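1. Got a predicted model here, sequence first, then my questions.
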There are 2 protein chains.
Amino acid sequence: MDRKTVEQIIDGMGLGDFSQATIRDIQALSRLLEEKTGEEVIHLEMGVPGLQPSEIALKAEAEALANGCATIYPPNGGIPRIKQAASDFVKAFIGVDVAPEGCVPTTGSMQGTFATFMAMRHAFAGTGRDTVLLIQPGFPVQTTQCDVIGLRHEALDIYSYRGKDLIAKLEEIIGQGRICAIVYSNPNNPSWVCFTEEELQGIGQIATRHDILVLEDLAYFAMDFRRDLSHPGQPPFQATVARYTNNYVLWVSASKAFSYAGQRIGVTCISNALYHRVFAPLREKFGVGAFGDFFVGRLMYTLSSGTTHSVQHAMAALMEAAVRGEYNFLSDVREYGRRARFMKEVLLANGFYLVYDNDMGAPLADGFYFTVQYPGMNDLQLTRELMTYGIAVFPLDTMGSTQQGVRICTSFFRREQEPLFTERIQRFHREHQAVQE
Amino acid sequence: MDRKTVEQIIDGMGLGDFSQATIRDIQALSRLLEEKTGEEVIHLEMGVPGLQPSEIALKAEAEALANGCATIYPPNGGIPRIKQAASDFVKAFIGVDVAPEGCVPTTGSMQGTFATFMAMRHAFAGTGRDTVLLIQPGFPVQTTQCDVIGLRHEALDIYSYRGKDLIAKLEEIIGQGRICAIVYSNPNNPSWVCFTEEELQGIGQIATRHDILVLEDLAYFAMDFRRDLSHPGQPPFQATVARYTNNYVLWVSASKAFSYAGQRIGVTCISNALYHRVFAPLREKFGVGAFGDFFVGRLMYTLSSGTTHSVQHAMAALMEAAVRGEYNFLSDVREYGRRARFMKEVLLANGFYLVYDNDMGAPLADGFYFTVQYPGMNDLQLTRELMTYGIAVFPLDTMGSTQQGVRICTSFFRREQEPLFTERIQRFHREHQAVQE
């Protein structure tokens, strides 16, 4: 692409140095570039699933609509079918017990995290222990959710803290008494770091000892492709803190694992102990003390009066089929791992390096995301520079990372783009190597 | 039903004198009664649409799913199709202009009100004018929404204030400088009061003069059956404050008018002026000053990342067909008016009287709800007493009314229940008249 044209368009959008750009801004810019230059941009900026969903889901929606679900309000806590299916799914693929009661469908995991953060704000209001700790880098929208809700938050970047160091650092922070919950995604967006069992055990023990909560985002459920997590009821299971503490909430999303982002559904799984735990601030202000009852009766009711009826049947049907071993949802999404392997190879051969590059010495899994950097520039410069080569990425800067680098998402990358990607990266390297020398 | 049995069951549920009971509590109680006694309860407590939705909607969902919408995130502000359809629908049936940009689909109108209240809280934060005025009686969940969000609220019962008195009272309250928005439903839930054009004009003028907002809930769109509002592009139109001020938000719901409650969709229509109005507190805290951009980019994004994709097509298709005159949504819901007429006749012939009984001298419309009372008891007693006769209703007390009475919803009442209803009301009257004498 012509550099001048690209720069004009970037300046015209008022995105400045990109430090305030959202993922949607970068997407809008790249679409505009395509329109104005007539050239294809390789879209690696958005975490949008690019696969077709299973017929099982579409069939379940059609049946539910034919049976008249469209006119009847869904229960705030979800229809019995999905509550049971989610409980069975969690048992089969995570290996832990969450009662159907605690499995609450939400309008995307986004609504699940919003409702959970809202519950945090009210359950710990006035206790002094009213701040959530967001493990960084992370999904920037969760920080915005806290701001919208008015929930205090702090951040800890795991780049310099893994293993024993992570646990020691957490112990130090939590010991100060103001944190009510630790929040992270596993695998991590954007770095694809997966906590080890030792780290999860340490986090769980801290939660139990200090009586705080762990909020675990499983948006990329079972996508640690280093291990085959696809066999229901058999180890290995999805790694989780739920094995090490009773104080947890798990967010399971249909968007990526089931390629069902458009229909907006996830399930928030509240541990049996937490569901029934009574918080005095909830009882006093809302007349409903138990966490789960407040979550369902006050939050899911007021946020949207539950989740779209037919979509609950779709996700339930997918979970039921997965538990029976009739739907291997991982065989579809393994494609993301293949794409990551290919792109990493090209990038590492052309001067790039991985930013978050290992799990306690073991190589990271290949999956939905990874993070890279190119020497001699910061991450905003790299984002802008790659854009002039027709490659859209997202800077780590805006994801709470202390590191310089960009996030690559594999979901929109098509096999036929491989030669174009290779050619553009090679040219980028040639032209920037020259600058450095 | 046997009084002793009923009382045991009520006491067993811990509902006490019903003063804290939610609509869902009363529903749960009445279902339990049916289970334990084997006798039918006449359900007049829930505002649940009881009609079948149009095939137009189901067909549109099926087509959208077949076209692959399930895997693609919907835009936060809605797909272009529904934005255009809603703008056209508002023009055709309300007679006002709202640009497609300002028409934002939400996960039920419930999410629309939640997001709007959230926007109020942030847009007016720290200004001193940070309180919403809820016209009562009203939908109690809106009060809970304010509490969940942390938005200050006050109430004004319109029982003693209609016409000039209403406007004078509003002027007095708004003049004190702490109110940022007036909130009401039109027709009103539970009283079915409809504001007159004079009242709406007065409210609009106050909003413009004091530069505050009006939030108008059109959950029962066009159900003032005294006038035929079913002809697109022709007066009479749905009454609205939007004709008298530029500072408004309208909530249009698919739940009742289109019998589509199960799929959770509504459209929040933000006036053209308000959409682009910049609020300093929004710009300072969130970097997005314009009301509409904040609503879409920060609230709809963080609440659920938009509204279920296929359902947007369903509501768009219904609106498109209505605008073309091919789908008369009112011919279905007129049935509610017929039921209301029948029940009022039976009740008034048996000692009951209407609580909110007129619109500035004109008889109220027959529609989805109405309010009645029986002499010699308060509304909690009446609710409990009617339950022992197998009739479930909801007390006004819990809906912010200063009046004694109960809300009757016509939506679940079936034609074949008419003799049973008549018999039970006659027996109730016989047995309570005797007590009084």
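-> Structure received.

2. what does the strand or helix carrying A:Y336 contact?
-> Element membership for A:Y336, per DSSP states H and E: helix A:329-348. Here helix A:329-348 makes contact (C-beta atoms under 8 Å, 6 or more residues apart in numbering or on different chains) with A:44, A:51, A:54, A:222-223, A:225, A:228-230, A:256-259, A:318, A:322, A:354, A:365-368, A:370, A:372, A:408, A:410-411, A:413, A:418, A:421-422, A:425. No exception for glycine: its C-beta is placed from N, CA and C like everyone else's.

3. Filter those residues down to the ones in strands?
-> A:L354, A:F370, A:V372, A:I408 (DSSP state E).

4. picking up where we left off before, please list only the buried members of the contacts of helix A:329-348.
-> Buried positions within these, assessed by neighbour count (16 or more other C-beta atoms under 10 Å in any protein chain shown), are A:44, A:54, A:222-223, A:225, A:229-230, A:256-259, A:318, A:322, A:354, A:365-368, A:370, A:372, A:408, A:410-411, A:413, A:421-422, A:425.

5. filter those down to the ones close to chain B.
-> A:S259 (C-beta under 8 Å from any C-beta of the partner chain).

6. Redo the ones in strands among the contacts of helix A:329-348 as CSV? Include pLDDT and distance to A:R24.
-> Output for these, formatted as CSV (pLDDT from 0 to 100; distance: C-beta to C-beta, whole Å):
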residue, pLDDT, distance to A:R24
A:L354, 95, 26
A:F370, 95, 21
A:V372, 96, 22
A:I408, 96, 18
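
7. Quick check: A:T127 is in a strand.
-> No - counting by DSSP: H, G, I helix; E, B strand; the rest coil, A:T127 is located in no strand; its state is coil.

8. number of nearby residues for it?
-> 13 (other C-beta atoms under 10 Å in any protein chain shown).

9. what residues are up against it?
-> Going by C-beta under 8 Å, 6+ apart, the list of residues near A:T127 reads A:C180, A:P281.

10. Give me every residue in the stretch 101-250 of chain A lying close to chain B.
-> So far as C-beta under 8 Å from any C-beta goes, the stretch 101-250 of chain A lies against chain B at A:106-108, A:110-111, A:114, A:118, A:122, A:141, A:144-145, A:147-148, A:150.

11. I meant the stretch 251-400 of chain A, not that one.
-> Counting by C-beta under 8 Å from any C-beta, the stretch 251-400 of chain A sits next to chain B at A:255, A:259-265, A:285-287, A:297-299, A:301-311, A:314.

12. Just the ones in helices from those residues, please.
-> Taking DSSP state H, the ones among these that sit in helices are A:K285, A:F286, A:Y301, A:T302, A:L303, A:S304, A:H309, A:S310, A:V311, A:A314.

13. Of the residues you listed, which is the most crowded?
-> That'd be A:V311 among these, by other C-beta under 10 Å, with 32 neighbours.

14. For it, give me its contacts.
-> By C-beta under 8 Å, 6+ apart, the residues touching A:V311 are A:E61, A:Q263, A:R264, A:I265, B:T308.

15. Quick test: name the residue nearest the centre of chain A.
-> With distances taken as C-alpha atoms, centre = their mean, the residue of chain A nearest its centroid is A:A219 (4.2 Å).

16. does that residue really touch A:K256, like I thought?
-> Yes - the criterion here is C-beta atoms under 8 Å, and A:A219 meets it with A:K256 at 6.0 Å.

17. coming back round to it: format the CA atom coordinates belonging to the helix holding A:Y336 as PDB.
-> Below are the C-alpha coordinates for helix A:329-348, written out as PDB (Å, rounded to 0.1, in the frame of the first residue of the first chain):
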ATOM      1  CA  PHE A 329     -16.200 -28.800  19.300                       C
ATOM      2  CA  LEU A 330     -12.400 -28.800  19.500                       C
ATOM      3  CA  SER A 331     -11.900 -30.400  16.100                       C
ATOM      4  CA  ASP A 332     -13.300 -27.200  14.500                       C
ATOM      5  CA  VAL A 333     -11.300 -24.700  16.600                       C
ATOM      6  CA  ARG A 334      -8.000 -26.600  16.300                       C
ATOM      7  CA  GLU A 335      -7.700 -24.700  13.000                       C
ATOM      8  CA  TYR A 336      -6.800 -21.600  15.000                       C
ATOM      9  CA  GLY A 337      -3.800 -23.400  16.400                       C
ATOM     10  CA  ARG A 338      -2.600 -24.400  12.900                       C
ATOM     11  CA  ARG A 339      -2.900 -20.700  11.800                       C
ATOM     12  CA  ALA A 340      -0.900 -19.600  14.800                       C
ATOM     13  CA  ARG A 341       1.900 -22.000  14.100                       C
ATOM     14  CA  PHE A 342       2.200 -20.800  10.500                       C
ATOM     15  CA  MET A 343       2.200 -17.100  11.400                       C
ATOM     16  CA  LYS A 344       4.700 -17.500  14.200                       C
ATOM     17  CA  GLU A 345       7.100 -19.300  11.900                       C
ATOM     18  CA  VAL A 346       6.900 -16.500   9.300                       C
ATOM     19  CA  LEU A 347       7.300 -13.800  11.900                       C
ATOM     20  CA  LEU A 348      10.100 -15.300  13.800                       C
END
